[in-house]
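Student: here is a sequence together with a model predicted from it:
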Amino acid sequence: MNTKKEQRMEMYIEKITRYSSYIDCFMRIINEFTENGDDNIKPCDVPKLIELNAVLTSRLYSMIIRMKTDWEFM
């Protein structure tokens with residue numbers, strides 16, 4: 001494997017790690033809000049967090065697919 005492909009794979013792994021951490025953090029926030037009741041949040045907070053979670057999940061999925069494709073052709 002050449003150096004450029006190794007760097008590319010490291011970049012994908014780093015981004016996957018970062019996005020999965022973000023998703024985990026946002027899901028913990030949503031679960032905390034749900035467990036403690038709606039008194040702690042504004043009505044628009046949960047939909048915004050869920051939308052952000054969907055965006056990050058989509059990015060995570062696309063990164064995994066790209067990484068898988070690159071790995072297949074190495």
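Tutor: Structure's in. What do you need? Numbers count the residues shown, from 1 in each chain.
Student: contacts only, for the residue lying closest to residue 59 once chain neighbours are set aside.
Tutor: Among residues not flanking residue 59 along the chain, residue 19 sits closest, at 5.4 Å (Cβ to Cβ, 6 or more residues apart in numbering). For glycine as for every other residue, the C-beta is placed from the backbone atoms N, C-alpha and C. Shown in contact with residue 19 (Cβ atoms under 8 Å, 6 or more residues apart in numbering): 56-57, 59-60, 63.
Student: got it, and residue 56?
Tutor: The neighbourhood of residue 56, defined by Cβ under 8 Å, 6+ apart, consists of 19, 22-23, 26.
Student: and those residues as JSON lines, adding distance to residue 48, secondary structure and pLDDT?
Tutor: Converted to JSON lines, the contacts of residue 56 look like this (distance: Cβ to Cβ, whole Å; DSSP: H, G, I helix; E, B strand; the rest coil; pLDDT from 0 to 100):
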{"residue": "19", "distance to residue 48": "18", "secondary structure": "helix", "pLDDT": "82"}
{"residue": "22", "distance to residue 48": "14", "secondary structure": "helix", "pLDDT": "84"}
{"residue": "23", "distance to residue 48": "15", "secondary structure": "helix", "pLDDT": "83"}
{"residue": "26", "distance to residue 48": "10", "secondary structure": "helix", "pLDDT": "79"}
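Student: which of these tops the neighbour count?
Tutor: Of all the contacts of residue 56, the highest neighbour tally under other Cβ atoms under 10 Å goes to residue 19, namely 20 neighbours.
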